[in-house]
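**Student:** Next input, structure requested:
(2 chains)
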There are 2 protein chains.
Amino acid sequence: MNITIINIGDELLIGQVVNTNASTMSKLLTEAGMEVRKTLVVGDVCDDIRAAVDEAMHESDAVLVTGGLGPTKDDITKKLLCEYFNSELVENEMALENVKRIFESRGYELTPVNRAQALVPRCCEVLNNDLGTAPCMWFCRDNRVLVSLPGVPFEMEWLMRNRVIPKLQETFGTDIIIIKNILVQGIGESFLSDLIEPWELSLPKNVKLAYLPVAGLTKLRLTAHFKGERFEGIGNISHLSPLTSHLESLYEIAGQYIVGEDCETLDELVHKTLLKKGLTLATAESCTGGNIARLLTAQAGASAYFKGGIVAYSNEVKESVLGVKYSTLEAHGAVSEETVREMVEGVRSRLGADLAIATTGIAGPDGGTKEKPVGTVWIAVADATHTEAKLMQFGANRRQQNIDRSTNQAFAMLIRMICQKD
Amino acid sequence: MNITIINIGDELLIGQVVNTNASTMSKLLTEAGMEVRKTLVVGDVCDDIRAAVDEAMHESDAVLVTGGLGPTKDDITKKLLCEYFNSELVENEMALENVKRIFESRGYELTPVNRAQALVPRCCEVLNNDLGTAPCMWFCRDNRVLVSLPGVPFEMEWLMRNRVIPKLQETFGTDIIIIKNILVQGIGESFLSDLIEPWELSLPKNVKLAYLPVAGLTKLRLTAHFKGERFEGIGNISHLSPLTSHLESLYEIAGQYIVGEDCETLDELVHKTLLKKGLTLATAESCTGGNIARLLTAQAGASAYFKGGIVAYSNEVKESVLGVKYSTLEAHGAVSEETVREMVEGVRSRLGADLAIATTGIAGPDGGTKEKPVGTVWIAVADATHTEAKLMQFGANRRQQNIDRSTNQAFAMLIRMICQKD
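**Tutor:** Have a look, this model is predicted:
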């Protein structure tokens, strides 16, 4: 079974809105064991939508379409699908009840424009949209399915989870897909590729490997694909771990570079690890400018471990708030091992945390010197007994890249320090 | 002239990565006066890529392809394009020099895998990629163009701005588009829409208005479209300001809500304003967790005005580092007017800045009470003589949305405080 997703909207084609609907839908379908073959975006143009729908209906088992269902003039999907399936628009009782319910709950009067939301092609089945007035429509022709969903992200996501995916599973049955993420740090993508090539070649055909490098970190993704019937009746597939032996061999070859599993990012891994271990953290950031703190605090529950952070951008703040000695700054400069050590130890003790992170460097594009070019960054982590500092030379990258790489390097050093404690 | 964008990558089809490349490319092309007709995503599957490329080459003047150019085995675009254009892979001198330069600057040894990055189809023209080792390839057939770019977002963006768009303009010619951004804050989108409707209806046909609401801020974008020949030889079009009179009328109607122009975001506006005025800033963040500091420091030159910030996540840090009184926290709680005032005044004086921002609130999803539900946020700004605090009730939004709205509200309050000084 393969799926094509079509997202409709001029706002997507002019780059005004990032198409998160495509990734949300793809993720939900993949997790449910279904394969998305292609996704495409077309504008609010009848001919373009019709051509995209027609092509997709010829090459896919299921076509999911979002957008163009609102009450405003530029929304044309419904009429077009009605024509495409040679049907006529009729008022659907369930859809009308739904529109009435929603307007009542908001205390608004029902206008004719809103009532028209309950008009749907006679040939489709309406899947009730509990969160909005636009109906979700399920069409079927020659054993192929087309589903039209509203483009509003939270309505679309609710419908996918509660209506569309269950009905697709019922209609087509699905295979089982197991995905495993491994976070690798401290080795470039091409060196990693050379190192694990023999292992990669030894993987069975149903297991695929992908490299996803981001800011000094490489996420390796193993995807194992099993025909649905193979595991029928065995129960929870995730406990069968058909990837275990492959993972073990990967650890034998590249274990020193692996910082964690089953997380999308290092900040997620740090968050989970600190919560699990019950350890607290403080941060002292110069070149990362608060990026480390905001990534951790963006996650719900961070207050359980995150004491606070100092963005010590100026030397005065390094001295007055973190207690870095004037003589240290004078002798070695703000970007130096001596300074980063005093920063990390200062913030840990002043904020009373178990662990601390500090960064100081030259993010660029200006501020570099011959001795300390742009991309020179000192990073340190500390616990009560031990401080570790490391010099990174990221090269004259973009400012944001230097910030992101410093952030990931700091997270990786912290994870390694925590693991050594075990 | 119309363009199709093809983004290649399994990670996009399983929803692991949001396809920001499509929106970045669409935005840049639109701003340069070119029209994107369709964007699509296919996986790392030869047949699917070939079919997508072939179809796009038949229906578009230009096809832009990203992804599949890395040194690892799952990257197959280059070979496939070589076949598609009936060419053969040869080592390109400029591309090789570029790979060597980048490896040298990073202090790495050049491996055969990396050297292979300089292999390109003989029939293509290489556009030098200053930021990475993957070459950008320009193919031409029957007056149609295909450009293959790396999928790494910052490399792609740099190449689009500096190589691809100028060459597309040279090849196809383009109309002139003038874009004006106006940042509006403190009024909801639908109220704003009602307020400025008569003005919007009075705009000439070649001027279009778009609403771009993000986290409590609405960006109004005016786009004026002129046929290329119309301004030929007149020189710098941006100085002609054909939008001036329309802008003046907009200020008459909605001036009180307009915080700035010609910036994409409020952090950019704050950055430019502080640099221009020569004022310094300090931040004390609780619920925004460092987001304010990192947005400002992400911009080159922030060290000229940004003294530093305290991420005061725990009450201990609010007391010990910011000097918020224990009695204040005890009597009014961390999320209160009294606390936010002591935070903003504390950080301003302790870090010795002209201006300060403070935030404290309940970002959610947990931690709300009946009196202070999730989304309750106090925000304050201060200069040497004056402190202003404001209570926001953002409602039970997502955590990130509450953080982003608090951030924008704080920036808007700061801008208004600075403007009152004038």
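**Student:** tell me the pLDDT at residue A:131?
**Tutor:** Residue A:131 is assigned a pLDDT of 86 by the prediction.
**Student:** how deep is it tucked in, by neighbour count?
**Tutor:** 17 (other CB atoms under 10 Å in any protein chain shown). In short, each C-beta sits where N, CA and C put it, glycine included.
**Student:** which non-adjacent residue is nearest the most centrally placed residue in chain A?
**Tutor:** Taking CA atoms, centre = their mean, the centroid of chain A lies closest to residue A:264, which sits 6.7 Å from it. Spatial nearest neighbour of residue A:264, excluding adjacent residues (CB to CB, 6 or more residues apart in numbering or on different chains): residue A:181 at 6.7 Å.
**Student:** how about the strands in the stretch 151-300 of chain A?
**Tutor:** Per DSSP state E, counting those that start in this stretch, the stretch 151-300 of chain A carries strands over the ranges A:176-185, A:207-214, A:217-226, A:258-261, A:281-285.
**Student:** Count the residues that sit near residue A:63.
**Tutor:** Other residues near residue A:63 come to 24 when the count uses other CB under 10 Å.
**Student:** The host helix or strand of it: what's the following helix or strand?
**Tutor:** Assessed by DSSP states H and E, residue A:63 sits inside strand A:62-66. Next helix or strand after strand A:62-66 toward the C-terminus (DSSP H and E): helix A:77-84.
**Student:** Counting by contacts, list what that next one packs against.
**Tutor:** Counting contacts by 3 or more CB pairs under 8 Å, 6 or more residues apart in numbering or on different chains; DSSP states H and E, helix A:77-84 packs against helix A:46-59, strand A:89-91, strand A:119-121, strand A:136-141, strand A:144-149.
**Student:** if you set the cut-off to 10 Å instead, what comes out?
**Tutor:** Counting contacts by 3 or more CB pairs under 10 Å, 6 or more residues apart in numbering or on different chains; DSSP states H and E, helix A:77-84 packs against strand A:2-8, helix A:46-59, strand A:62-66, strand A:89-91, strand A:119-121, strand A:136-141, strand A:144-149.
**Student:** Off-centre distance for the third one?
**Tutor:** It refers to strand A:62-66. Distance of strand A:62-66 from its chain centroid, counting by CA atoms, centre = their mean, to the nearest Å, is 22 Å.
**Student:** buried sites along stretch A:243-258?
**Tutor:** Across stretch A:243-258, burial judged by 16 or more other CB atoms under 10 Å in any protein chain shown covers A:243, A:246, A:250, A:254, A:257, A:258.
**Student:** and that stretch, does that touch chain B?
**Tutor:** No - Stretch A:243-258 does not reach chain B (CB under 10 Å from any CB of the partner chain); its nearest approach is 14.4 Å.
**Student:** average pLDDT for that stretch?
**Tutor:** Rounded mean pLDDT across stretch A:243-258 is 93.
**Student:** what sits up against stretch A:93-113?
**Tutor:** Here stretch A:93-113 makes contact (CB atoms under 10 Å, 6 or more residues apart in numbering or on different chains) with A:71-72, A:92, A:114-120, A:126-137.
**Student:** Buried residues, stretch A:55-73. List them.
**Tutor:** Across stretch A:55-73, burial judged by 16+ other CB under 10 Å covers A:55-57, A:60-70.
**Student:** Now for those: which two are most distant?
**Tutor:** Using CB to CB, the two most remote members of those are A:61 and A:70, lying 28.0 Å apart.
**Student:** in the helix or strand hosting residue A:95, what counts as buried?
**Tutor:** Per DSSP H and E, residue A:95 falls inside helix A:93-106. Neighbour-count burial for helix A:93-106 flags A:95, A:96, A:98, A:99, A:102, A:103 (criterion: 16+ other CB under 10 Å).
**Student:** now it: how far from the chain's centre is it?
**Tutor:** 34 Å.
**Student:** Okay, angle between the longest helix seen in chain A and strand A:176-185 too, please.
**Tutor:** Of all segments of type helix in chain A, defined using DSSP state H, the longest is helix A:399-421. For helix A:399-421 against strand A:176-185, the angle between stretch directions is 100 degrees (axes from the mean of the first three to the mean of the last three CA atoms, to 10 degrees).
**Student:** roughly how far is helix A:399-421 from the heart of the chain?
**Tutor:** 19 Å.
**Student:** Any buried residues in that helix, and which?
**Tutor:** A:399-415, A:417-418.
**Student:** Would it count as contacting chain B?
**Tutor:** Yes - using CB under 10 Å from any CB, helix A:399-421 reaches chain B at A:399, A:400, A:401, A:403, A:404, A:407.
**Student:** how many neighbours does residue A:109 have?
**Tutor:** 7.
**Student:** Please read the previous query as pertaining to residue A:2.
**Tutor:** Using other CB under 10 Å: residue A:2 sits among 13 other residues.
**Student:** One more: the one 4 residues further on?
**Tutor:** Residues lying near residue A:6 (other CB under 10 Å) number 25.
**Student:** contacting residues around it?
**Tutor:** The contact partners of residue A:6, by CB under 10 Å, 6+ apart, come to A:22, A:38-42, A:49, A:52-53, A:55-56, A:60, A:63-67, A:77, A:146, A:148, B:40.
**Student:** where does chain A have low pLDDT?
**Tutor:** A:70-75, A:174, A:228-241, A:396-397, A:422 (pLDDT under 70).
**Student:** Need the residue in it that's farthest from the chain's center.
**Tutor:** Outermost residue of chain A (CA atoms, centre = their mean): residue A:327, 44.3 Å.
**Student:** can you tell me the helix or strand for that one?
**Tutor:** helix A:326-332.
**Student:** okay, now residue A:41: neighbour count?
**Tutor:** 31.
**Student:** Next, count neighbours for residue A:195.
**Tutor:** Neighbours of residue A:195 using other CB under 10 Å come to 15.
**Student:** In contact with the residue nearest to residue A:264, which residues are there?
**Tutor:** A:210, A:212, A:219-222, A:260-265, B:16.
**Student:** what would these look like in a markdown table with distance to residue A:158?
**Tutor:** Output for those, formatted as a markdown table (distance: CB to CB, whole Å):
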| residue | distance to residue A:158 |
| --- | --- |
| A:210 | 29 |
| A:212 | 28 |
| A:219 | 29 |
| A:220 | 32 |
| A:221 | 27 |
| A:222 | 30 |
| A:260 | 31 |
| A:261 | 30 |
| A:262 | 26 |
| A:263 | 26 |
| A:264 | 22 |
| A:265 | 26 |
| B:16 | 21 |
